[in-house]
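Trainee: next one to model:
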Amino acid sequence: MGKGPKTKHSVLKRFKVTGTGKIKVKKVQGRSHLLAHKTSKRKRQLKHQPVLNTTAARSMKNMMKI
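Mentor: Coordinates of the predicted model:
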């Protein structure tokens, strides 16, 4: 019996699966540097981890072998 397809570990490091099966992005885009010119409201809103839409989530789950 052969081995199945391998899990993409780069995807496992960057995304998190919630209890209901949704995919959350661990790092928020635009929150790592150049924060001085951004307003505090914008930085505050960038704290929240976005949830992927169903099309992108399906491909990420396929790469994670879920």
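Trainee: when you work out contacts or count neighbours from here on, use the C-alpha atoms and nothing else.
Mentor: Noted.
Trainee: Pro5: neighbouring residues, count only.
Mentor: Here the count is done by other C-alpha atoms under 10 Å, and Pro5 has 8 residues near it.
Trainee: in three-state terms, label it for me.
Mentor: Three-state assignment for Pro5 (DSSP: H, G, I helix; E, B strand; the rest coil): coil.
Trainee: looking at it, Phe15 is touching Gly21, isn't it?
Mentor: No. With contacts counted by C-alpha atoms under 8 Å, Phe15 stays clear of Gly21, the gap being 11.8 Å.
Trainee: more neighbours: which of the two?
Mentor: Each of Phe15 and Gly21 had its neighbours counted (other C-alpha under 10 Å), and the higher figure belongs to Phe15 (20 against 11).
Trainee: and the more buried one, what does it touch?
Mentor: Shown here is Phe15, whose contacts under the criterion C-alpha atoms under 8 Å, 6 or more residues apart in numbering are 23-26.
Trainee: and for Gly30?
Mentor: The neighbours of Gly30, taking C-alpha under 8 Å, 6+ apart as the test, are Leu46.
Trainee: where does it land in three-state SS?
Mentor: The three-state label for Gly30, taken from three-state DSSP, comes out as coil.
Trainee: do the same with Met60
Mentor: Going by three-state DSSP, the secondary structure assigned to Met60 is helix.
Trainee: what's the neighbour count on it?
Mentor: That count, for Met60 with other C-alpha under 10 Å as the rule, works out to 19.
Trainee: over to the one 5 residues further on?
Mentor: Lys65 is flanked by 12 other residues according to other C-alpha under 10 Å.
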